[in-house]
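below: sequence and its predicted model.
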Amino acid sequence: MLSLAPGERQIDQVVAYQPQVGQGTLYLTDRRLVFEYSQGLLNKKYFHLGISLNQIQSLSVRFGRFNSQEIVISAKDANNGFKSNLIAIRIAMHANVWIGKINTMIAQVSHTFQPSQTATTATTTTIVEREVVKIPCKYCNALNDLVRSKTCSQCGAPIYK
């Protein structure tokens, strides 16, 4: 789960894939764009890669294999969680819709700063460790997270404690 700074609000989220780290969730807030992913099966560790909206120089759509769409972000400097000036993130919905949302938030951020003010950007990578208990399905023995779903992800049967 994304931790927000005081006064920061989440705008949207989508399932996404980033080639260097794998599958995760892309969050858009009124201040930044954050990619959250996890590692580990039983003891999951969550990682956040973030870039503030005022670091984004340009956004474009790139089409990949199997008609997938990627948002390609060009950043001002590599001093962000992604450690790169060119960031590609494949998302599970139409990329142009997300680019429109990001551009709207960038426009709102630029209106809040006066030209004489300089914005300082600080991005951090946060590691949050959580223990996830998985319960086996009594029909197919697939491990399921009872907190996130009440049915088996493999066979669809109801999960009981």
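Sure, I can see it. Numbering: from 1, shown residues only.

please, where are all the helices along the protein?
Read by DSSP state H, the chain holds these helices, from start to end of the chain: 95-112.

for it, just list every one of the strands.
10-18, 22-29, 32-39, 43-52, 56-63, 69-75, 86-91, 127-131, 134-136, 143-145 (DSSP state E).

now, of those, which is deepest in the fold?
Burial among the strands of the chain, expressed as mean neighbours by mean count of other CB atoms under 10 Å, is greatest for strand 32-39, which shows a mean of 21. In this view, the C-beta of every residue, glycine as well, is placed from N, C-alpha and C.

could you tell me the least trusted of the strands of the chain?
If these are sorted by mean pLDDT, strand 127-131 sits at the bottom with a mean of 63.

and stretch 51-61, end to end?
End-to-end span of stretch 51-61 (CA to CA, to the nearest Å): 18 Å.

same question for stretch 54-73.
12 Å.

which residues outside it are in contact with it?
Under the criterion CB atoms under 8 Å, 6 or more residues apart in numbering, residues 33, 51, 74-77, 80, 86-91, 94-96, 98-99, 102-103, 106, 109-110, 113, 119, 121 lie in contact with stretch 54-73.

quick revisit: distance to residue 2 for the strands of the chain - can I get that in CSV?
CSV is the format used below for the strands of the chain (distance: least, CB to CB, whole Å):
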stretch, distance to residue 2
strand 10-18, 7
strand 22-29, 5
strand 32-39, 6
strand 43-52, 7
strand 56-63, 18
strand 69-75, 18
strand 86-91, 15
strand 127-131, 10
strand 134-136, 23
strand 143-145, 18
